[in-house]
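Chemist: need a 3D model of the sequence below.
(one chain, ligands or ions: 2)
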Amino acid sequence: MVAGFRARVRRCRWSGELTRPGHADGAPGAGGRCVPTQAEQGVRATGACLCGGVRFEVRGALRAVVNCHCGQCRRTHGHFAAYTKCRRAALRLLSRRTLRWYRSSASARRGFCSRCGASLFWDAVGDEGIAVAAGCLDAPTGLDTVRHIHVASAGDYYTISDDLEQLAGSMAKADRP
Ligand SMILES: [Zn+2]
Ligand SMILES: [Zn+2]
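Modeler: Numbering: from 1, shown residues only. Ligands and ions are numbered 1, 2, ... in the order given. Take a look at the predicted model:
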């Protein structure tokens with residue numbers, strides 16, 4: 001047991017910090033810098049658009065996935081939209097070259113890639129959270145889908161056939177992260 005513990009936890013030769021498995025010590029090839037694991041950096045998830053022009057990471061909790069069937073989501077995603085959500089401060093854009101914002105209503109804007117057309121973010125005015133399209137996240141996400149919302153606006157060309165909760169409209173504000 002002691003040997004196993006020692007095998008997993010060791011000190012970085014460069015920084016002297018206790019490390020997690022996968023940590024790469026500072027080396028000439030890395031410019032003398034360590035290559036910390038995502039766990040060491042506190043990164044919960046990473047994601048990108050189809051072409052890679054928009055890349056992001058989330059440092060902090062992600063809400064379970066909610067499928068939105070509203071007409072706006074269906075038009076911009078091509079079908080209903082699967083969104084997780086994080087605090088805006090937890091979302092860090094690693095690349096934003098092709099990110100554009102479309103003011104889709106008086107109360108929200110949608111972030112999309114101007115090159116590949118991916119729909120990535122739904123950003124509501126006055127909400128400290130931002131919705132992130134679950135399909136843009138890198139696997140494994142560790143997330144589950146928990147409900148459908150705006151089912152009163154669902155398209156007439158499909159049937160919701162799972163047992164998840166369905167709401168005719170939107171979620172209560174208290175349900176937001
Ligand atoms: Zn793109
Ligand atoms: Zn929607």
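
Chemist: show me what from this protein comes close to ligand 1.
Modeler: Contact residues, the chain versus ligand 1 (C-beta under 5 Å from the ion): C49, C51, G53, C113, R115, C116. To be clear about C-beta, it is placed using only N, CA and C from the backbone, and glycine gets the same treatment.

Chemist: could you dump the residues you listed into a markdown table and include pLDDT?
Modeler: Listed next are these as a markdown table, based on pLDDT from 0 to 100:
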| residue | pLDDT |
| --- | --- |
| C49 | 98 |
| C51 | 97 |
| G53 | 97 |
| C113 | 98 |
| R115 | 98 |
| C116 | 98 |
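
Chemist: could you identify the most distant pair in those residues?
Modeler: C49 and R115 (7.9 Å; C-beta to C-beta).

Chemist: give me the common contacts of these two.
Modeler: Each of T98 lies in contact with both C49 and R115 under the rule C-beta atoms under 8 Å, 6 or more residues apart in numbering.

Chemist: ok so, going back, filter the residues of the chain next to ligand 1 to the buried ones?
Modeler: Taking 16 or more other C-beta atoms under 10 Å as the criterion, what is buried in the residues of the chain next to ligand 1 is C49, G53, C113, R115.

Chemist: dump these to CSV, plus secondary structure.
Modeler: Below are these laid out as CSV (DSSP: H, G, I helix; E, B strand; the rest coil):
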residue, secondary structure
C49, coil
G53, coil
C113, strand
R115, coil
